[in-house]
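Engineer: Provide a 3D model corresponding to the input given below.
(2 chains)
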Amino acid sequence: MKVRGMSWIQRGAHGTWRRDIHGSHDDLRHLHRLLTERRILCAPLEGFGRFDYDSRAVCLAAALALHDAGITRASSSYRGIGLIMSGTAGSRDSNLAYFRDYAEQGRVLGRANLFIYTLPTSPAAEAAIHLGLKGPLCYIGPVEAWSGEEWLEQAEILMEDQAEIMLCVLMDEKAVICVVAEGRPSDPEDMDMRGACALIRKIRTGTGNRKEEWTS
Amino acid sequence: MKRAAIVEMNVLSPYGTGVEALWNGLVSGATAIRPSTGRQLPALKGIHVAEIELAASDSPSSRLVRLVETLWKDGPCSVPDGTALILATTTAEMDRLEQAVFQKTEEALPRWTAALPSMARSLHATGPAMIVSSACASSAAAMIYAGALLSRGSVPAVLVVGADSLSEFVVSGFSSLMATDVQPARPYDCERAGLSAGEAVGYMLMVRVKDAAQAGMTVRGYVRGGGMTNDANHMTGPSRDGAGMAEAIQKALQNSRCRLSEIACIAAHGTGTPYNDAMEIKAFNAVFPAPVPAFSIKGGIGHTMGSAGLMQAVIALESLRRGVVPPTVGLSQPYEEAAPWVSPESGRVRGRAALVVNAGFGGINTAVVLESGADRNREGAS
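Structural biologist: Next comes the predicted model:
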């Protein structure tokens, strides 16, 4: 397995590996506007304001990563691209948001637009819908117990028989990282696992909580 | 992946402990879905759910952990050294989160994977431990993943545990989506109106086929292969045309090198929601040239979420072994398109392979091809 593209979003900053994009943004709404203006997103994501924070971040990171890998909707393998999510918190924040709201409203009515984000796979599902990715979709953990190599190895195992290309999304307090992994690499300039892991380590040591812009 | 052998399996369902209890409950035609007494979960009192009666306990453990511990105490199995644990669940210990909200101790809420290390110790799984979550297709995804893991040769065995427990969180959430029936679920019925929430835990111990043979293990069945796709269509509803599910089935058949004619029965997802059931039958019609006996177990034990696929797989293997498919409990009058596939009565089947299909929020589709073990049709042949 090799890495064809990679993107990351940190607090106030975003970047990619192959195309060497490095930019800053005020918040994810701003990044959404930037990616639309730069045609990295072919149109604004419908309902973006309704998404939970993690779904916003994953959708934008996935769009950036596909762009970095040079994969467009016209690519022959596009439809079959899968998404594998990993994170340190699952869907904890959105679960709390749903249940806190339900409890505060008297435990009678739940709010469906909050409930739909209460699965660890919800952000990946939102990305799959908006980017048209029809491969396997799965969450694996606990990522905090794995090295970068071990995490990518889990993705490689899941790819077997299931997808030629997989977007591997890793979320922690500091960053959302999206790796475009390819089972049968075609480009000699694709990054090997060791290079990808070194880059992931570097990104994860960045400073600042990526959600501070949201919670402040 | 290479074909993997299932050498042990057991379940704790609302019908009781054991595969036999689940099978007998379904074949009896009586549902385990009933208005909750509120003894187990006070907030659900009066709501139609399929719950498991746990013994009173002062244990601080979550309901999910207590369900797994109860199953293991009543029906453990021998686990080889170095066995990997895969916990297949939607959201794991949701009652912990509920308590944290009510007691305003959210900051102290443990990670959602917190139960994993102690669960691995309790189940004697000394290899790597992980969670696989693919919404209500989690167990099926875990079986596919386990098969691939075994093919790599890095672990000697994989213990797949499918587990989800009832909670106020889940029941209120399904209600908010208007996805629940006021009656017990009626999968594929012309008057079906939604799902019933349920809970269950189960396990499967999977090993490489050659290792099972060398160790002289009794093989209960095989996971031949699987397929996973996504509809990329809607956060909670399936695609209306069933194309994503049809593709998952085709992929599973291809990966299993299984001919359509080999499939003797289908353990369908069959939640009882109008859209899910219609989508599945469309997918079956798109793939199979003629109807194959299919059934849903969710009219009996409710929708057990992350454990649903494992429950279906266990019953699919029982069906192959006995040469009988169970009735779809709760079904009275199938809607027109479903009528050739499902039945309110048990039926005979002949063959070695079964298909297990699941769908989950976010458009997830899975299909797994199972094959009967050595003792197939033992009862059916007698």
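
Engineer: if I look at the residue of the stretch 201-350 of chain B at minimum distance from chain A, how far off is B:Ala137?
Structural biologist: Nearest residue of the stretch 201-350 of chain B to chain A: B:Met228, at 3.4 Å (C-beta to the nearest C-beta). Glycine gets a C-beta too; all of them are placed from N, C-alpha and C. B:Met228 sits 8 Å away from B:Ala137, going by C-beta to C-beta, to the nearest Å.

Engineer: Between the two, which has more neighbouring residues?
Structural biologist: Between B:Met228 and B:Ala137, counted using other C-beta atoms under 10 Å in any protein chain shown, the more crowded position is B:Ala137 (36 against 29).

Engineer: can you tell me how far that one sits from chain A?
Structural biologist: Here B:Ala137 is placed at a distance of 9 Å from chain A (C-beta to the nearest C-beta, to the nearest Å).

Engineer: do the same with B:Leu22
Structural biologist: 26 Å.

Engineer: wait, B:Ser165 sits on B:Ser61?
Structural biologist: No: between B:Ser165 and B:Ser61 there is no contact under C-beta atoms under 8 Å: 11.1 Å.

Engineer: what is the mean pLDDT for the helix or strand in which B:Asn358 is found?
Structural biologist: Using DSSP states H and E, B:Asn358 sits in strand B:353-360. The average of the pLDDT scores along strand B:353-360 is 98.

Engineer: Give me the nearest residue to the residue of the stretch 201-350 of chain B closest to chain A, chain neighbours excluded.
Structural biologist: Leaving aside its sequence neighbours, B:Met228 sits nearest to A:Pro136 (C-beta to C-beta, 6 or more residues apart in numbering or on different chains; 3.4 Å).

Engineer: Run a quick neighbour tally on that neighbour.
Structural biologist: Applying other C-beta under 10 Å, we find 32 residues neighbouring A:Pro136.

Engineer: From B:Gly306, how far off is it?
Structural biologist: Look at A:Pro136 and B:Gly306: by C-beta to C-beta, they are 16 Å apart.

Engineer: looking at chain B, which helix or strand is least sure?
Structural biologist: Within chain B, no helix or strand scores below helix B:378-381, which has a mean of 41 by mean pLDDT, DSSP states H and E.

Engineer: now the residue of chain B found nearest chain A: how far from A:Ala155?
Structural biologist: Across chain B, the shortest distance to chain A (C-beta to the nearest C-beta) belongs to B:Gly362, at 2.6 Å. According to C-beta to C-beta, B:Gly362 and A:Ala155 sit 18 Å apart.

Engineer: on that earlier part again, which ones are touching the residue nearest to B:Met228?
Structural biologist: Contact analysis of A:Pro136 by C-beta atoms under 8 Å, 6 or more residues apart in numbering or on different chains lists A:Gly82, A:Leu83, A:Ile84, A:Leu158, A:Gln162, A:Ala163, A:Met166, B:Ala141, B:Met228, B:Thr229, B:Asn230.

Engineer: hang on, isn't the last one packed against B:Phe361?
Structural biologist: No: with contacts counted by C-beta under 8 Å, B:Asn230 stays clear of B:Phe361, the gap being 11.1 Å.

Engineer: Now do the shared contacts for those two.
Structural biologist: Common contact partners of B:Asn230 and B:Phe361 (C-beta under 8 Å, 6+ apart): A:Ala125.

Engineer: if you count what's nearby, which of those two comes out ahead?
Structural biologist: Neighbours were counted for B:Asn230 and for B:Phe361 using other C-beta under 10 Å; B:Asn230 has more, 32 against 24.

Engineer: and that one, what is it in contact with?
Structural biologist: With the criterion set at C-beta under 8 Å, 6+ apart, B:Asn230 makes contact with A:82-83, A:125, A:128, A:133-137, B:244, B:362-365.

Engineer: those strands in the stretch 101-250 of chain B, which residues are they?
Structural biologist: For the stretch 101-250 of chain B, the strands defined by DSSP state E, counting those that start in this stretch cover B:129-133, B:157-164, B:197-198, B:200-208, B:221-230.

Engineer: what's the angle from the helix or strand following the strand holding B:Asn358 to strand B:221-230?
Structural biologist: Counting by DSSP H and E, the next helix or strand C-terminal to strand B:353-360 is strand B:364-372. Calculated by axes from the mean of the first three to the mean of the last three C-alpha atoms, to 10 degrees, strand B:364-372 forms an angle of 160 degrees with strand B:221-230.

Engineer: Packing partners of strand B:364-372?
Structural biologist: In terms of contacts (3 or more C-beta pairs under 8 Å, 6 or more residues apart in numbering or on different chains; DSSP states H and E), strand B:364-372 is packed against helix B:138-152, strand B:221-230, helix B:243-256, helix B:308-322, strand B:353-360.

Engineer: what comes up buried for it?
Structural biologist: B:Ile364, B:Asn365, B:Thr366, B:Ala367, B:Val368, B:Val369, B:Leu370, B:Glu371, B:Ser372 (16 or more other C-beta atoms under 10 Å in any protein chain shown).

Engineer: Let me have those residues in TSV, extended by pLDDT and distance to B:Ala185.
Structural biologist: Below are those laid out as TSV (pLDDT from 0 to 100; distance: C-beta to C-beta, whole Å):
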residue	pLDDT	distance to B:Ala185
B:Ile364	98	20
B:Asn365	98	20
B:Thr366	98	20
B:Ala367	98	22
B:Val368	98	22
B:Val369	98	26
B:Leu370	98	24
B:Glu371	98	29
B:Ser372	97	28
